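Visitor: pasting the sequence and the predicted model now:
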Amino acid sequence: MIRSLFLCVVFFMYCNAYAQQKIYKWVDAKGKTHYSEEEPHETQKSIEEIKVKPPTKQHSSVEDGDTIGSNKLWFDEQIKRREQSEVIKKQKQKAVLKRKQSLNQSQKKSCQSYRNSLVRYQNELKASKRAGIRVKTENWYKSKISSLEETLKTLC
């Protein structure tokens, strides 16, 4: 932005200097009219100096001397936009963190529930062995215990 502003200032200074240069008009021996920025040779009879008026001032939304103020306003707007986007970004990050925390809490509850079930099935298996319960029931407890252990390994 600063670079383009600098180039614009240099361009307008050049245009202003160019507009204030002298232009000469003369007619040569053959009757041909010439225009030049350089003064013709002294041998020419009719040399006329043309005064060039500087370009007319074009109206813009910014008054003279207020360009710095308008640039400051533009920069202030850019800063406000960035600050607003940072606030929005932080709010999104907080929401994501809160969601993760709630998921972690629910996952912790699930893990605790699986652990409780595992302990319960292990105790029931021990009790069924002591009581001499059938093999089918024992196999069912063993399969339940192994599935719970796998689930606990993957989730917790």
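Guide: Everything's here; your move.

Visitor: for Ile79, see how far away the residue of the chain positioned farthest from its centre is.
Guide: Relative to the centre of the chain, and counting by CA atoms, centre = their mean, the farthest-placed residue is Gly132 at 71.2 Å. Distance, Gly132 to Ile79, using CB to CB, to the nearest Å: 80 Å. Placement of C-beta: from N, CA and C, glycine included.

Visitor: again, but for Glu149
Guide: 57 Å.

Visitor: show me where the protein has strands.
Guide: For the chain, the strands defined by DSSP state E cover 23-27, 33-36, 47-50.

Visitor: out of those strands, which is the most enclosed?
Guide: strand 23-27 (a mean of 15; mean count of other CB atoms under 10 Å).

Visitor: can you give me the helices in this structure?
Guide: 2-19, 67-131, 135-155 (DSSP state H).

Visitor: and of the strands of the chain, who's closest to Lys144?
Guide: Proximity to Lys144 (CB to CB) singles out strand 23-27 among these, at 102.8 Å.

Visitor: name the helices or strands packed onto that closest one?
Guide: The contact analysis (3 or more CB pairs under 8 Å, 6 or more residues apart in numbering; DSSP states H and E) places strand 23-27 against strand 33-36, strand 47-50.
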